[in-house]
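Participant: Following is a predicted model, sequence given first.
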Amino acid sequence: MGRTLVPLLCLLGAGSMMGLSTDFAKLAPGAGLPPFALLAWALAGATLVLTLIGAVRGRLPSLNVRTVEYFLVAGFVGLAAPYLIFFSAVPHVGASFVAVSLALSPLYTYAGTLLLGMERFDVWRALGVVLTLAGSLLLAVLKLSVPGAPTFWIVATLSAPVLLAAGNIYRTLRWPPGSGSDQLAPGMLGAAALVLLVVGALPGGFGAIPDLSLAVPTGDAAALLLIVAQAAAFAVVFLLYFVLQQRGGPVYLSLLGSVAAVVGSVIAIFLLGEAAPQGLVVGGVLIALGVGLVTRGGAKGSREE
């Protein structure tokens, strides 16, 4: 029972916090907070929280060539890059559309594991891929058909889950021997935060571009509260993230995107008053059916502490 209950609880908890993150990104512009600043400072805050927890438990991450490589690649490919796209896209395409796009992660993850020989071909899972792709294409076509549609941000949003999937697969293949999930989480978040903070601090370069600014309106309590809330959400997500990866495997892990899609879109539509994307019901059902088929094998443990 515990072998299935623990991954399920981690999936629901982390997925819910991940979906909530897209809604925080929607609130950021109203508080005068650039998406880049929200992401960078929230990751830094989450790193601090998880590092303190690790220090108290005597479980700080070890630093060597293998783990540093792991933190940098996993932090950039599976976290900093896709989340920067998502956070930047929210003002252009809406939080609900960004949330739904997270559900594409299982499709891309399964396709990657299949190509790398980590999974065997399964007819039902292949059908799931087709249904998921059909649902996402329907949402994309309807979104692009709207006059003045932000084509770049629509394409970028639907492409970002590819990076999430690459991160899922990379972390499984390159998991440092002898490292526990609680040791890897702060290292990955710290590496992602470091990359973003360095980019944002470049004098006369990226830091001079408003969209990539680290500036925080300190006089606005709402902006500071958003950063704290987002940092807390990231801390929960990635504390559970590696436990889920360790016990469930990369494809089961990718279901986080599906849970996030439901939570993020429901909050955006019903609590933040955002208009639902055209075709959300039909596209969402197709994606849900597809994801269900892709992940019908359940959790497959990949690593042991």
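Facilitator: Arrived safely. Residues are numbered from 1 along each chain as shown.

Participant: going forward, measure contacts between C-alpha atoms and count neighbours the same way
Facilitator: Noted.

Participant: gap between the two ends of stretch 109-125?
Facilitator: With Cα to Cα, to the nearest Å applied, stretch 109-125 spans 12 Å between its terminal residues.

Participant: Please identify the buried residues of it?
Facilitator: When neighbours are counted by 16 or more other Cα atoms under 10 Å, the buried residues of stretch 109-125 are found to be 109-113, 125.

Participant: before we move on, what about stretch 20-35?
Facilitator: Within stretch 20-35, the residues scored as buried using 16+ other Cα under 10 Å are 20-28, 31, 33-35.

Participant: In JSON lines, list those residues along with pLDDT.
Facilitator: Output for the buried residues of stretch 20-35, formatted as JSON lines (pLDDT from 0 to 100):
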{"residue": "20", "pLDDT": "92"}
{"residue": "21", "pLDDT": "90"}
{"residue": "22", "pLDDT": "88"}
{"residue": "23", "pLDDT": "91"}
{"residue": "24", "pLDDT": "92"}
{"residue": "25", "pLDDT": "90"}
{"residue": "26", "pLDDT": "90"}
{"residue": "27", "pLDDT": "92"}
{"residue": "28", "pLDDT": "89"}
{"residue": "31", "pLDDT": "89"}
{"residue": "33", "pLDDT": "90"}
{"residue": "34", "pLDDT": "88"}
{"residue": "35", "pLDDT": "88"}
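
Participant: Give me the subset of these lying in helices.
Facilitator: 20-27, 35 (DSSP state H).

Participant: and which of the residues you listed is nearest residue 235?
Facilitator: Taking Cα to Cα as the measure, residue 21 is the one of those closest to residue 235, at 11.6 Å.

Participant: For the closest one, which residues are in contact?
Facilitator: Residue 21 makes contact with 230, 233, 264, according to Cα atoms under 8 Å, 6 or more residues apart in numbering.

Participant: Report how many residues lie close to the first one.
Facilitator: Think residue 230. Taking other Cα atoms under 10 Å as the criterion, the count of residues near residue 230 is 27.

Participant: could you say which helix or strand contains it?
Facilitator: Take DSSP states H and E as the rule and residue 230 turns out to sit in helix 221-253.

Participant: Could you single out the nearest of the buried residues of stretch 20-35 to residue 216?
Facilitator: Taking Cα to Cα as the measure, residue 216 sits nearest to residue 33 out of those, at 6.1 Å.

Participant: Return the backbone torsion pair for that closest one.
Facilitator: When read as degrees, to the nearest 10, the backbone of residue 33 gives phi -110, psi 120.

Participant: Was I right to think it contacts residue 217?
Facilitator: Yes. Applying Cα atoms under 8 Å, one finds residue 33 in contact with residue 217, separated by 6.8 Å.
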